[in-house]
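Chemist: Requesting a structural model of the entry that follows:
(one chain, ligands or ions: 1)
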Amino acid sequence: MTAKHLELTQVGIDFPTPKGPFNALTDVNLKIAKGEFVSLIGHSGCGKSTVLNIVAGLHQATTGGVILDGSEVREPGPERAVVFQNHSLLPWLSVYKNVELAVKQTQQGKSKKALRDWVMHNLELVHMTHALDKLPAEISGGMKQRVGIARALAMEPKVLLMDEPFGALDALTRAHLQDSLMEIHADLGNTVIMITHDVDEAVLLSDRIVMMTNGPSATIGEILNINLTRPRDRIALADNPEYNHYRHEVLTFLYEKQRKVEPVSAHRKNTSKGSSKGKKPDAA
Ligand SMILES: Nc1ncnc2c1ncn2[C@@H]1O[C@H](COP(=O)(O)OP(=O)(O)OP(=O)(O)O)[C@@H](O)[C@H]1O
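Modeler: As a prediction, the model looks like this:
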């Protein structure tokens, strides 16, 4: 693994607002090696999506920048595929055609057979070949998310950027998809940056957990190396003292070092809206 793969250097961003510039991020420095699985965790609104969007090229940093394999990131590109929480499949295209479209855009020049084989291969990775002709409306949320992951993988991105990919799913579906993602990552070795609010998910999946301070002017507070051997088994890890130590470290950072005290009225407003981000106990 080389540390020169993906580098964020002195990244900061000011968003224009009617009251003047809002400094969301400041001095974000991070070096990610090829094939690393990095999670971003931090309280709501601290700037995790903004970091991801800057790496995706969807936002431009106000200061500093991002270098991927020696080239500065200035705009979105197929070498950085994004998977969002709310699966963004085209509703009028079948499962097969949603993946095929991405392949056609990124893998031009493939023969018809090679294209079909590639689409099928990626749908096999996420166990979705049984629903090739179904429309997104005809499959479950977990299945849609699988297709979204297949679509991103089919583009053969150097970096897979995932913004709370499993946040809207029930616990069981989420666990299945986490296991699939670990298998796929072991097979393909893509670099992954994933935002999560779920401490267990972060520890289970990551090589490193990047913990962000509260905004405004959020930055990286601490980075935790997760030295658990792979493949990882969630059941075995439940009783593993090392796993529980890592979990404890993240919880301590979030609830002691970066404790966020929200006024009760704000809390009521949030809970009455319902949780759109799949938060749960032990979730930031
Ligand atoms: N386009 C924008 N204009 C102004 N402020 C913005 C804009 N985008 C994000 N922000 C602000 O920047 C901060 C970071 O937002 P961001 O969405 O990155 O947080 P987050 O950690 O991903 O939050 P969550 O966990 O709730 O999704 C927030 O205060 C947000 O209101």
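Chemist: So which residues of the stretch 1-150 of the chain form strands?
Modeler: 6-15, 22-32, 37-41, 63-68, 71-72, 80-83 (DSSP state E, counting those that start in this stretch).
Chemist: ok, and does the longest one reach over to the ligand?
Modeler: I take that to be strand 22-32. Yes. Strand 22-32 is in contact with the ligand by C-beta under 6 Å from any ligand atom, via 22, 24. Any C-beta I mention is one placed from the backbone N, CA and C, and that applies to glycine too.
Chemist: I'd like to check what contacts that strand. Which residues are they?
Modeler: Counting contacts by C-beta atoms under 8 Å, 6 or more residues apart in numbering, the residues outside strand 22-32 that touch it are 3-16, 38, 47, 50-51, 54, 61, 63-64, 191, 193, 210, 215-220, 223.
Chemist: pretty sure Ile195 is touching Thr50, no?
Modeler: No. Contact criterion C-beta atoms under 8 Å: Ile195 and Thr50 do not qualify, at 10.3 Å.
Chemist: ok so, going back, drop anything exposed from the contacts of strand 22-32.
Modeler: 5-8, 11-14, 38, 47, 50-51, 54, 61, 64, 191, 193, 210, 215, 218-220 (16 or more other C-beta atoms under 10 Å).
Chemist: Now do the helix or strand containing Glu183: which elements does it pack against?
Modeler: Following DSSP states H and E, one finds Glu183 within helix 171-188. For helix 171-188, the packing partners by 3 or more C-beta pairs under 8 Å, 6 or more residues apart in numbering; DSSP states H and E come out as helix 112-125, helix 141-154, helix 199-205, helix 234-238.
Chemist: Would you mind pulling the contact partners of the helix or strand that comes right after the third one?
Modeler: Yep, that's helix 199-205 we're talking about. The element immediately downstream of helix 199-205 (helix or strand, assigned by DSSP H and E) is strand 208-212. For strand 208-212, the surrounding residues in contact (C-beta under 8 Å, 6+ apart) are 30, 36-42, 46-48, 51, 202-203, 218-226, 246, 250, 253-254, 258.
Chemist: go on, stretch 228-242?
Modeler: Against stretch 228-242 from outside (C-beta under 8 Å, 6+ apart): 175, 178-179, 182-183, 186, 203-204, 227, 243, 246.
Chemist: which residues of the stretch 1-150 of the chain score low on pLDDT?
Modeler: Applying pLDDT under 70 to the stretch 1-150 of the chain picks out residues 1-3, 87.
Chemist: what's the burial count for Arg74?
Modeler: As a burial measure, Arg74 scores 10 neighbours (other C-beta atoms under 10 Å).
Chemist: Once you drop chain neighbours, what's closest to it?
Modeler: Residue nearest to Arg74 in three dimensions, not counting chain neighbours: Gly57, with 6.4 Å by C-beta to C-beta, 6 or more residues apart in numbering.
Chemist: can you tell me which residues contact that neighbour?
Modeler: 73-77, 80.
Chemist: could you dump these to JSON lines with distance to the ligand?
Modeler: Shown next, in JSON lines, are these (distance: C-beta to the nearest ligand atom, whole Å):
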{"residue": "Val73", "distance to the ligand": "17"}
{"residue": "Arg74", "distance to the ligand": "18"}
{"residue": "Glu75", "distance to the ligand": "17"}
{"residue": "Pro76", "distance to the ligand": "16"}
{"residue": "Gly77", "distance to the ligand": "21"}
{"residue": "Arg80", "distance to the ligand": "17"}
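Chemist: List buried residues within the residues you listed.
Modeler: For the contacts of Gly57, buried by 16+ other C-beta under 10 Å: 73, 77, 80.
Chemist: which residue sits closest to the first one, ignoring its sequence neighbours?
Modeler: Spelled out, it's Val73. That would be Val66: by C-beta to C-beta, 6+ apart, it lies 4.2 Å from Val73.
Chemist: Bridging across strands, which residues link to that neighbour?
Modeler: Leu8 (DSSP bridges).
Chemist: Might one say that it is in contact with Glu75?
Modeler: No. With contact defined as C-beta under 8 Å, Val66 and Glu75 do not form a contacting pair (11.4 Å).
Chemist: rewinding a little: now, which of the contacts of stretch 228-242 sits nearest Lys112?
Modeler: Glu183 (28.8 Å; C-beta to C-beta).
Chemist: what's Ile220 in contact with, if anything?
Modeler: Here Ile220 is in contact with 28-30, 210-213 (criterion: C-beta under 8 Å, 6+ apart).
Chemist: and what of Ile195?
Modeler: Ile195 touches 39-41, 48-49, 52, 162-164, counting by C-beta under 8 Å, 6+ apart.
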